[in-house]
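In: Please find the sequence and the predicted model below.
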Amino acid sequence: MLLAYGNSRVELKLPPGVRYDVLSSSPVEPLADPIREIRRALAEPIGADPLKSILKPGETICIIVNDTTRISRSDIFLPPLLETIMDAGIRREDVSILFANGSHRLLEVDEMADLVGDRVAADIALYNHDCDDEDNLVYLGNTSRGTPLYINRLAVKADWRILTGSVLHHYFAGFGGGRKALVPGVAGRATIEKNHSLLLEDNAETGRLDGNPLHEDLLEGANKLENNFLINTVLNEDKELLGVFAGDMVEAHLEACELVKKANGVTLERLADVVIASCGGHPKDINLYQAHKSLDNGISALKQGGRMVLLARCPEGIGSEKFEQWIDKCAEPEKLEASLRQNFVLGGHKAFTVSRLLRNKEVYLISDLDPEKVRTIGFIPVKSLEEAVAKLYRDKSDLNTCIMPQASTTVPEYRGTAN
């Protein structure tokens, strides 16, 4: 069996007698006619009136769009979306596109055009969100959990906000998409840091919305603004549209999450003694920051006392300067957590979540990273898959084994027993 590793593939050879399952989600057919489905979703929205009927001439519209870190195929859905807006009598000069950069870097002009398409870029004003530009943030009060709500002025002042994005499992918000276009997408740094600090609490985990304190805080913050209309997509590995969900910010998002569960989720009746996981190759293993998703999913399939190997080339290293600054703290996870609870720092949170996943786990990492740095984080560095297999099965070969060729998007849900 060949497993992706960076831009290449490596061969996996298991010892004789090893029982294994290949863990992959059920394929969902892409939409045959995405444009028709987008138009249908806008005309027959979930939990809301048709977009064309609720917009009035003279109103201002702010369309919030994903940045380069989360592809949603805005180049496909924006033209029919704008067509619907114009059909409602809205002038082009009353429409703006705001990129939900969150705490990420600002986009270059050509990157904006690539994301929305050249035609849209030529017709509609495009704006970067900068979480540190205090002059362009409006304070809307605090959430019940104490998160100060600073939201981009352009989004706040618009008569309508159209929240767009793609939906995937998210390792502490439960699922992406929905409310995340507003918070943290176009929120201030103080808002993002306080909200993200809730990942330290119980139930802030992959696939959970009910009882997830971080999600509930996001939703409460987004609901501070009225007149929000959602359009979310669900994509496959080839960035093809599997579904389009438009309408109420909560109801449409929940339906999108159900499709994501179907497309990427897989039910486990028992946990594995051994998990062998590939991120799926480039760009999913471009750095450790991105490879974290695969680690999280792989650990979800592993029983207590089990062993795991992660193939993540990481040619661009750790992937976050702040994450790297916090690596030395990973050696003492309890102190790392205490530091974050006292002074939460974006980037430090990634070091915490990785160290928490690795706590009391035997996880071998095949990568281009410095072996000493790998050990400090909590992994066991190995040079090859052959070496990793020898260590995984050093005691015996009769181990229930799970192979995950696309661990970044395959999300196990355990429903059985660990035995």
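Out: Alright, I've got the coordinates. Numbers count the residues shown, from 1 in each chain.
In: So which residues of the stretch 251-400 of the chain form strands?
Out: Secondary structure of the stretch 251-400 of the chain (DSSP state E, counting those that start in this stretch): strands located at 265-270, 272-278, 302-311, 362-366, 380-382.
In: Strands of the stretch 51-200 of the chain, residue ranges please.
Out: Under DSSP E, counting those that start in this stretch, the stretch 51-200 of the chain gives strands at 61-66, 95-100, 125-128, 137-142, 148-152, 160-166, 169-170, 174-175.
In: out of those, nearest to residue 106?
Out: Closest of the strands of the stretch 51-200 of the chain to residue 106 is strand 125-128, at 4.5 Å (criterion: CB to CB). Where you see a C-beta, it was placed from the backbone N, CA and C, and this is true even at glycine.
In: quick one: strands adjacent to the closest one?
Out: strand 95-100 (parallel) (DSSP bridges).
In: could you give the angle of the partner strand to strand 160-166?
Out: Using axes from the mean of the first three to the mean of the last three CA atoms, to 10 degrees, one finds that strand 95-100 and strand 160-166 are set 40 degrees apart in direction.
In: ok, back up a step: deepest-packed of the strands of the stretch 251-400 of the chain, please.
Out: Highest mean neighbour count among the strands of the stretch 251-400 of the chain (mean count of other CB atoms under 10 Å): strand 272-278, with a mean of 26.
In: just checking, what packs against that one?
Out: Applying 3 or more CB pairs under 8 Å, 6 or more residues apart in numbering; DSSP states H and E, we find strand 272-278 packed against strand 2-5, helix 288-300, strand 302-311, helix 385-392, strand 401-404.
In: if we go to 7 Å?
Out: Contacts defined by 3 or more CB pairs under 7 Å, 6 or more residues apart in numbering; DSSP states H and E place strand 272-278 against strand 2-5, helix 288-300, strand 302-311, strand 401-404.
In: care to break the protein down by domain?
Out: Domains of the chain are assigned by automatic domain parsing as 2-25+265-417, 34-235.
In: how far is the first one from where the chain is centred?
Out: Its chain's C-alpha centre lies 17 Å from the corresponding centre of domain 2-25+265-417 when counted by CA atoms, centre = their mean, to the nearest Å.
In: Kindly report the same for the last one.
Out: With CA atoms, centre = their mean as the basis, the distance from the averaged C-alpha position of domain 34-235 to the chain average is 14 Å.
In: before we move on, back to that, nearest to residue 398, out of the strands of the stretch 251-400 of the chain?
Out: Among the strands of the stretch 251-400 of the chain, strand 272-278 comes nearest to residue 398, with 8.9 Å by CB to CB.
In: contacts for that closest one?
Out: For strand 272-278, the surrounding residues in contact (CB atoms under 7 Å, 6 or more residues apart in numbering) are 3-5, 12, 294, 298, 301-303, 306-311, 392, 399-405, 407.
In: now the angle from it to helix 288-300?
Out: Here the directions of strand 272-278 and helix 288-300 differ by 150 degrees (the same axes, to 10 degrees).
In: switch to numbering from 197
Out: Done: numbering now begins at 197, and the last item shifts to strand 468-474.
In: Low-confidence bits of the stretch 497-615 of the chain, can you list those?
Out: Within the stretch 497-615 of the chain, the stretches with pLDDT under 70 are 612-615.
In: redo that, cut-off 50
Out: Residues of the stretch 497-615 of the chain meeting the criterion pLDDT under 50: 614-615.
In: count of residues packed around the closest residue to residue 216 other than its chain neighbours?
Out: Nearest residue to residue 216, sequence neighbours excluded (CB to CB, 6 or more residues apart in numbering): residue 597, at 3.9 Å. Neighbour count for residue 597, taken as other CB atoms under 10 Å: 22.
In: Is residue 597 bridged to anything, and to what?
Out: Bridge pairing for residue 597 - DSSP bridges - gives residue 216, residue 470.
In: Contact partners for it?
Out: With CB under 7 Å, 6+ apart, residue 597 has these contacts: 214, 215, 216, 468, 469, 470, 472.
In: For the third one, give its distance to residue 569.
Out: In this structure, residue 216 lies at 31 Å from residue 569, with CB to CB, to the nearest Å as the measure.
In: How about the first one?
Out: Going from residue 214 to residue 569 by CB to CB gives 31 Å.
In: ok, the closest residue to residue 553 other than its chain neighbours - how many residues close by?
Out: The shortest distance from residue 553 to any non-neighbouring residue, by CB to CB, 6+ apart, is to residue 495 (5.1 Å). Other residues near residue 495 come to 20 when the count uses other CB under 10 Å.
In: so what's the residue positioned nearest the centre of the chain up against?
Out: Against the mean C-alpha coordinate of the chain, by CA atoms, centre = their mean, the closest residue is residue 366 at 4.6 Å. Going by CB under 7 Å, 6+ apart, residue 366 touches 372, 402.
In: let's go with 8 Å and repeat that
Out: Residues in contact with residue 366 (CB atoms under 8 Å, 6 or more residues apart in numbering) are 372, 376, 402.
In: Show residues contacting the helix or strand bottoming out on mean pLDDT in the chain.
Out: The weakest-scoring helix or strand in the chain, judged by mean pLDDT, DSSP states H and E, is strand 607-613 (a mean of 78). The contact list for strand 607-613 (CB under 8 Å, 6+ apart) reads 219, 221, 365, 402-403, 457, 460-467, 493, 496-497.
In: would you list every one of the helices in the stretch 347-496 of the chain?
Out: For the stretch 347-496 of the chain, applying DSSP state H, counting those that start in this stretch gives helices covering 349-353, 385-392, 409-418, 447-460, 484-496.
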